[in-house]
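1. how would this look folded up:
(chains A and B)
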Amino acid sequence: MAEFAKGKVRTRFAPSPTGYMHVGNLRTALYAYLLAKKDDGTFILRIEDTDQERYVEGAVDIIYNTLKTVGLQWDEGPDVGGPVGPYVQSERMGLFKQYALQLVESGHAYYCFCDKDRLEELKKIQQASGISPKYDGHCSRLSKEEIQAKLDAGVPYVIRQKMPTEGATTFHDEVFGDITVENSVLDDQILIKTDGMPTYNFANVVDDHLMGITHVVRGSEYLSSTPKYNLLYDAFGWEKPVYIHCSPVMKNQTEKLSKRNGDASFEDLVAKGYLTQAIVNYIVLLGWSPKGEREIFTLNELKQEFDISGISRSPAIFDTQKLKAINGAYIRMLSHEDFKAHALPYIHQTCKREDADLDVLCDALQPRCELFTDIPEQVDFIDALPDYDNALYIHKKMKTNEENSLSSLKALLPVLEQVTDWTQENIHGACFNLIEQLGVKNGLILWPLRVAVSGKQFTPGGGIEICAILGKEESLKRIRHGITKLSV
RNA sequence: GGCCCGUUGGUCAAGAGGUUAAGACACCGCCCUUUCACGGCGGUAUCGCGAGUUCGAUUCUCGCACGGGUCACCA
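-> The predicted structure is shown next:
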């Protein structure tokens, strides 16, 4: 066997290139990665592309890109190579038959010459009599001579794994504990197909062993085939890996999250304006809980924090609301510059004004957005004042109505006209001077100002910020407009 | 249908034979405040059902219900 560091954790992510990367897949990859990195181990990417039927063009690139943008750098894989390649399963096809033959030799597997007709017939009979369909072991009872004769005659065959007929097999899973199944329910599964190629179940075991995988992280749908895997490991005399089976990510109580149902894939979430690190953070929390109370972690922190014992057994429902909240938390942690860089394209969707003060705008926007896609709608009043209703001036808590709003704006206009250096600071000073002079509550002046310059009920920032964003000329113009509107 | 697995608030979940059953999101109040947010404080749950074991069970056992998975020459 090829050499690689012994005693260290080696995990693998082994996706089939069948389309988009869904959230559950990504989570499996994440867990496998974290498990390896926690121990300073190796994370391997293996592409399982043996099903040409389901192969989707470009799917491999999606896998690469997703893992890369998320930051799951694989140490060994198709593109970077490694000591136990090739890392693309279709390039390993020639390798498996000898292992199957070895099992035939040792009596753990046998040639099966049954054709599809017989198999189907068998299945029909079994179903009719209420027995669960299972190969009846017919060919396992063939004599050496019979087998040789058929082989010589060129009869097509498969190689099947010979399951024990009595007793039970128990295996241990790190998240589910010990699971025992009766050997009698185990089917003599096919290892090598008529075309000489291995089935997934067989290739998987051989590959995992050859690649020195110590911890197998995969979906819980493999739970029921794990006994067969272990029997294979035992038949070869190989050391079994540690199993970590993960329950699925659900869309609701009964349906799995899946691309087929049009549910969000990683790419979709990115397109919807989620920060990749926020997605990762949320996904890792779906089905795993950290020891303490903190739940915002960078990928690096996760390498320390992640622990198998925190993985939960029951399926988890994907909750967009929580994802959004985490995204909001990440947005707030962004520096002003980073936020601006991310936000700019969204701002420009509805706000094209050249002279708008985007720094003030971004400061106002940042604590108020959970998703970048919220932005266009929030800044749509900047280019042009919306046609608003005077009723907006009525605010119970601010104690404003149309009449006193009119006088506030009238008082404010000349004061603001006096401001020469139009900065947020100076506008603020001017407004509060007036408030002090008049001896009124802040809201009495500032609420009407906000309505006049924005024409909206909710805005990023208050009247003062909006004035600063709009610039002097436009602000005054809107205040005057408000005055005439209220004067009618 | 057989076998395997799961079930703590709307969601993610911690917990453990005796706890005021954590925390987060959402929701509702209050505070802060020029709106909305942000931030701060507080509120909302007898742990699917029924038995059993026990002085005591949400935590152990057994049934039931519900949900999921699996029974391919697919991966």
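2. Shouldn't residue A:466 be within a helix?
-> Yes. Judged by DSSP: H, G, I helix; E, B strand; the rest coil, residue A:466 forms part of a helix.
3. What sits closest to it if chain neighbours are left out?
-> Distance criterion Cβ to Cβ, 6 or more residues apart in numbering; nearest residue to residue A:466, sequence neighbours excluded, is residue A:453 at 4.7 Å. Heads up, the C-betas are built off the backbone N, CA and C, glycines and all.
4. Can you get me a residue count around residue A:347?
-> Number of residues near residue A:347 (other Cβ atoms under 10 Å) recorded here: 22.
5. what's around the residue in the stretch 101-250 of chain A that RNA strand B sits nearest to, how many residues?
-> At 2.9 Å from RNA strand B, residue A:200 is the closest residue in the stretch 101-250 of chain A, using Cβ to the nearest atom of the strand. Other residues near residue A:200 come to 14 when the count uses other Cβ under 10 Å.
6. swap in the one 4 residues further on?
-> Counted with other Cβ under 10 Å, residues neighbouring residue A:204 total 22.
7. right, and it touches residue A:229 too?
-> Yes. Using Cβ atoms under 8 Å, residue A:204 is in contact with residue A:229, at 7.5 Å.
8. Wait, residue A:412 touches residue A:445, no?
-> Yes. The pair residue A:412 / residue A:445 is scored as a contact, 6.2 Å apart, by Cβ under 8 Å.
9. between the two, what contacts are shared?
-> The overlap between the contact sets of residue A:412 and residue A:445 (Cβ atoms under 8 Å, 6 or more residues apart in numbering) consists of A:431, A:434.
10. what's in contact with the helix or strand containing the residue nearest to residue A:466?
-> Element membership for residue A:453 (DSSP states H and E) is helix A:442-454. Residues from elsewhere that reach helix A:442-454, judged by Cβ under 8 Å, 6+ apart: A:381, A:385, A:388, A:392-393, A:395, A:397-400, A:404-406, A:408-409, A:411-412, A:431-432, A:434-435, A:438, A:459, A:462-464, A:466-467, A:470, A:475, A:478-479, A:481-483.
11. Spell out whether it and RNA strand B are in contact.
-> Yes. Looking at helix A:442-454 against RNA strand B by Cβ under 7 Å from any atom of the strand, the contacts come from A:442-443, A:446-447, A:449-450.
12. now stretch A:481-488
-> No. Judged by Cβ under 7 Å from any atom of the strand, stretch A:481-488 and RNA strand B are separated, with a smallest distance of 14.5 Å.
13. Give me the contacts around that stretch.
-> Outside stretch A:481-488, the residues that touch it by Cβ under 8 Å, 6+ apart are A:385, A:390, A:393, A:402, A:405-406, A:409-410, A:413, A:448, A:451-453.
14. Same question for stretch A:313-321.
-> Against stretch A:313-321 from outside (Cβ under 8 Å, 6+ apart): A:23, A:175-176, A:247-253, A:257, A:263-264, A:286-287.
15. Max pairwise distance over these: which two?
-> With Cβ to Cβ as the measure, no two of these lie farther apart than A:176 and A:264, at 27.7 Å.
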